[in-house]
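In: got a predicted structure here, sequence first:
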Amino acid sequence: DKHLDRTLRRSLRHIQHRPDLIDGCHAATGLTLTTSHPERQ
């Protein structure tokens, strides 16, 4: 459905430009992010 696709894309663009919204959702999960990478063999 083109309407659904358009609505989803618009919403995702809105969220992408709101880092405070993303941070708030992340904080509510209680999870932590790490940037460590497994050692390459």
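Out: Structure received.

In: which residues touch the most centrally placed residue in the chain?
Out: Nearest to the mean C-alpha position of the chain, counting by C-alpha atoms, centre = their mean, stands residue 22 at 5.8 Å. Neighbour list for residue 22: residue 15 [criterion: C-beta atoms under 8 Å, 6 or more residues apart in numbering]. For the C-beta atoms, the positions are set from N, CA and C on the backbone; glycine is no exception.

In: and what of residue 33?
Out: With contacts defined as C-beta under 8 Å, 6+ apart, the neighbours of residue 33 are residue 26.

In: hang on, the earlier thing: with just CA atoms, put the host helix or strand of the residue nearest to the centre of the chain into CSV.
Out: Per DSSP states H and E, residue 22 falls inside helix 19-29. C-alpha atoms of helix 19-29 as CSV (Å, rounded to 0.1, in the frame of the first residue of the first chain):
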residue,chain,number,x,y,z
PRO,A,19,18.1,12.1,18.6
ASP,A,20,16.5,13.0,21.9
LEU,A,21,13.6,10.8,21.0
ILE,A,22,15.9,7.9,20.2
ASP,A,23,17.9,8.5,23.4
GLY,A,24,14.7,8.5,25.5
CYS,A,25,13.5,5.2,24.0
HIS,A,26,16.9,3.7,24.5
ALA,A,27,17.0,4.9,28.2
ALA,A,28,13.6,3.4,28.9
THR,A,29,14.8,-0.1,27.9
